[in-house]
Each structure stands twice: as C-alpha cells, then as structure tokens.
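Trainee: Generate a structure from the sequence data that follows.
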Amino acid sequence: MTRIAEESTDPSSSLSPVASTSVAVPPSPSAATPAPAYREGINLASSAYHLSQTAISPDDWTLIAGRWQQAANQMKQVGAGDENYEVAQQKIAEYARNAAQANAVVANLQASVYAPLAPLPPEAIAPTRPKVAIAVTGAPPSAQRVRVPIVRRLYGTPVVRVTFNGVKTYEMILDTGASRTLITRQMANDLGIVATESMIAATASESAVTFEIGQMRSISLGAITLADARVSIGDSVSIGLLGNDFLSGYDVTIRDRENTVELVEAN
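Mentor: Numbers count the residues shown, from 1 in each chain. Coordinates of the predicted model:
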C-alpha cells in the first residue's frame, strides 16, 4: 500500500502506530571516512529506520526487513583490520534482530482478519457542512469535538467514511503520518478531479514517487469540513488516506472501546 510521507531526518521521531516494534536508531558514521561496506551498512540501516516511520502494509514491512538484513550483510564484510570492525560486529546482531522483528510484523499483519464493510446507506451521503462548534462539558466553548465511527481496520489502522465535494462518500484510512490526503485514481475519476500539477514524495516502499495533484471543493468527516483542498492522486492504491492537511489543528484519539475516532480542536 502506498503511503505519502515526508522523509524524516529526525531520528527521535516516533514509530508508526501500526506496529509496536522497537528498532534502534543507527548511529552516524564517525568523522573519519569509513570503509565502503561499513558506510553502506549504515546507509541501509538508516533507510530501514526511516521507512519504519511510515510503514503500514505487509509489503512495506517486508521491504524494511530486507533493508535491515542487507545492512547486517554489509557489516559482515567489514574486515578485522578496519577501525570500525568492533562496532560492525555489534551491528550484525542488532540489524539481524531488527530484521526478525520486521518479519514478525509482516506475519502479524498477514494473519489479521477484517470485517467486511457494509454497503453505504443513502443517508450517509451528506451535504457539505461548515465547521460547527459542539459544546462539550469541560472543554472551552469554542472547542470543537467530533466523534466518527471506525467502520473497520486495515493493517491495524482505522478506516472511516469521508465525504468529498458534498456528494460522494468513500472509506479512507485515517493516517496521521501522511502529510497530504491521497485519493485513488478511481475516486478522482468518479469526482471529476483533474490533475493540475505534480509532486515528488517519499513513500514507505520507494524513496521518490511522482504524484499528481488535484483540487477538491471540500472534504468532510462528520461535522468537520475542509474547503478548497489539494489532494494527491495515487495510481497504485486501492484505498485513500485522510492525511494531516485535514487533521492538522485537531488532537486525534482512537477510542477502541467505543470503536470511534475523536477529533478535538487544539487550542
């Protein structure tokens, strides 16, 4: 599954919520120029770590597991006379362990079972609504709090129903790790969205992918509506992603017990 994300350069950023796997951040190379095998191992490990921040599907985590294993293989090629030899020996076990953890995530995702999505009732196609302040006990009067049902989960991530241009409703992955909302090519065709520009972005599967950009009149989730939204159009995705261009400005809480997502307008 393709997923838009800005390539993070902050090694302290949190892991993707789709997995609880803990991976060690690869250290930066020393000031001295390292041997090619050591340098390549560090680069592969860094790539695996950053990809893990946006991974969501089994294919994503398979790629990450492969990168960790490749990093371990490179460290095995560091010779005994190299100044980084001792560190490389430690990294062999560390990277192999991270590869095993990533493979375990793949197995867990592949074993997951998801309930089928019921057909949308006619009343689910709601007209566009402006932002409405909803009074909540204990919250500031101007704060907006909206809860929407989780219709199912895909790779452990909530799927919600989102209305576009006030006329069509689609299931979308609620993706706090995506910088921009992504719609499928079929959705773009259904809504008559024409690409006006393109951009290059990193995904969990590839380092650089070109996406077309189109203009949407409105995107609505419950009582929240974003007007004049620019969305990315993906050719290789089967479900869209509701990203931070829509979620920005809200604290998002997944309430598993109620099977809902709560969005509270941040102060």
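
Trainee: residues near Ile254, how many?
Mentor: Counted with other Cβ atoms under 10 Å, residues neighbouring Ile254 total 16. (Each C-beta comes from the backbone N, C-alpha and C, glycine too.)

Trainee: what's the helix or strand for it?
Mentor: Take DSSP states H and E as the rule and Ile254 turns out to sit in strand 250-255.

Trainee: for that strand, packing partners?
Mentor: strand 260-265 (3 or more Cβ pairs under 8 Å, 6 or more residues apart in numbering; DSSP states H and E).

Trainee: partner strands of the strand it packs on, parallel or antiparallel?
Mentor: Strand 260-265 has the following strand partners under DSSP bridges: strand 145-149 (antiparallel), strand 250-255 (antiparallel).

Trainee: Most tightly packed of the ones you listed?
Mentor: Compared across those, strand 145-149 shows the largest average neighbour count, a mean of 16 (mean count of other Cβ atoms under 10 Å).

Trainee: List the contacts of it.
Mentor: Contacts made with strand 145-149 from outside it, assessed by Cβ atoms under 8 Å, 6 or more residues apart in numbering, are listed as 134, 136, 139, 160-161, 221-224, 255, 258-265.

Trainee: Tell me where the chain has helices.
Mentor: Here the chain has its helices, by DSSP state H, at 36-52, 58-76, 85-111, 185-191, 244-247.

Trainee: Any stretches of the stretch 1-150 of the chain with poor pLDDT?
Mentor: Low-confidence segments of the stretch 1-150 of the chain, defined by pLDDT under 70: 1-34, 56, 109-143.

Trainee: May I see the ChimeraX selection of the buried members of the contacts of strand 145-149?
Mentor: Buried residues within the contacts of strand 145-149, by 16 or more other Cβ atoms under 10 Å, are selected in ChimeraX with:
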select :160,161,221,222,223,224,260,261,262,263,264,265
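
Trainee: domain assignment for the chain?
Mentor: According to automatic domain parsing, the chain comprises the domains 4-111, 122-265.

Trainee: from memory Leu263 sits against Leu242, does it?
Mentor: No: taking contacts as Cβ atoms under 8 Å, Leu263 lies outside contact range of Leu242: 10.7 Å.

Trainee: Now the common contact residues for the two.
Mentor: Both Leu263 and Leu242 are contacted by Leu221, under the criterion Cβ under 8 Å, 6+ apart.

Trainee: For Ser198, the count of nearby residues, please.
Mentor: Using other Cβ under 10 Å, Ser198 has 11 neighbouring residues.

Trainee: quick one: Ala100 from Gly156, how far?
Mentor: 19 Å (Cβ to Cβ, to the nearest Å).

Trainee: higher neighbour count, the two?
Mentor: Gly156 (16 against 13).

Trainee: What residues sit buried inside stretch 177-196?
Mentor: So for stretch 177-196, counting by 16+ other Cβ under 10 Å, buried means Gly177, Ala178, Ser179, Arg180, Thr181, Leu182, Ile183, Thr184, Met187, Ala188, Leu191, Ile193.

Trainee: partners of the longest strand belonging to the chain in the sheet?
Mentor: Counting residues, the longest strand found in the chain (DSSP state E) is strand 209-221. Paired neighbours of strand 209-221 in the sheet (DSSP bridges): strand 157-164 (antiparallel), strand 195-203 (antiparallel), strand 224-234 (antiparallel).

Trainee: which residue sits closest to Ile150, ignoring its sequence neighbours?
Mentor: Using Cβ to Cβ, 6 or more residues apart in numbering and skipping the chain neighbours, the partner closest in space to Ile150 is Pro158 (4.4 Å).

Trainee: So what's the residue count around that neighbour?
Mentor: Residues contacting Pro158 under the criterion other Cβ under 10 Å number 24.

Trainee: Equivalent analysis for Thr62, please.
Mentor: By the criterion of other Cβ under 10 Å, Thr62 has 18 neighbours.

Trainee: That one - nearest residue in space that isn't next to it in sequence?
Mentor: Ranked by Cβ to Cβ, 6+ apart and with sequence neighbours excluded, the top spatial neighbour of Thr62 is Val106, at 5.4 Å.

Trainee: before we move on, what about Val146?
Mentor: Counting by Cβ to Cβ, 6+ apart, the nearest residue to Val146 once its immediate chain neighbours are dropped is Gly222, at 4.3 Å.
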